[in-house]
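Asker: Predicted model and sequence follow; I will ask about them next.
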Amino acid sequence: MKPKFSPGKNIAIKVPAHEFEKMVNFYKVVLGLKQKDASSPDEFNSVTFEFGDKNLWVDKISGISQAEVWLEIETDNAVEAKKYLKEQGCAIRNEIEPLPPGFNGFWLSSPSNTIHLVNE
């Protein structure tokens with residue numbers, strides 16, 4: 001049985017450290033998006049903005065050369081979703097960023113290497 005998938009509430013832009021302040025300024029000052037009080041269990045700096053019905057996270061990441069957009073996908077069954085996606089030839093990429101202990105989900109790469117957080 002194919003698991004159900006739907007868009008999640010989070011979009012993350014992973015930004016090189018040298019571009020972080022300019023990116024935050026772009027969303028906060030230039031575009032005037034409302035900054036949210038949001039906490040992250042991650043060890044890197046993050047600033048979050050309201051982005052319609054989504055959360056837009058701007059994450060400061062050392063060691064990358066260009067920005068990447070990461071998306072969230074929700075599923076009704078993470079175990080079955082992981083199995084199904086593997087059967088479809090998709091790459092599970094849990095090595096790219098640690099997830100909190102007990103988190104019911106995983107990292108997935110699309111065929112063009114866009115990273116998705118799949119969670120239940």
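Answerer: Yep, that arrived. Because the structure is a prediction, the values reported are computed rather than measured.

Asker: Could you list the residues in contact with the longest helix belonging to the chain?
Answerer: Scanning the chain for the longest helix, with DSSP state H as the assignment, gives helix 78-87. Helix 78-87 is contacted from outside by 1-3, 5, 75, 92, 104-106, 108, 118-120, using CB atoms under 8 Å, 6 or more residues apart in numbering. Glycine gets a C-beta too; all of them are placed from N, C-alpha and C.

Asker: buried subset of those?
Answerer: Using 16 or more other CB atoms under 10 Å as the burial test, the contacts of helix 78-87 include 3, 75, 105-106, 108, 118-119 as buried.

Asker: need the longest strand for the protein.
Answerer: Using DSSP state E, we find that the single longest strand of the chain is strand 5-16.

Asker: Give me the packing partners of that one, helices and strands only.
Answerer: Applying 3 or more CB pairs under 8 Å, 6 or more residues apart in numbering; DSSP states H and E, we find strand 5-16 packed against strand 54-61, strand 68-75, strand 115-119.

Asker: Can you tell me which of the contacts of helix 78-87 comes closest to Val24?
Answerer: Nearest to Val24 among these: Asn119, at 25.6 Å, using CB to CB.

Asker: now that closest one, nearest residue through space, not along the chain?
Answerer: Spatial nearest neighbour of Asn119, chain neighbours left out: Gly105 (3.1 Å); criterion: CB to CB, 6 or more residues apart in numbering.
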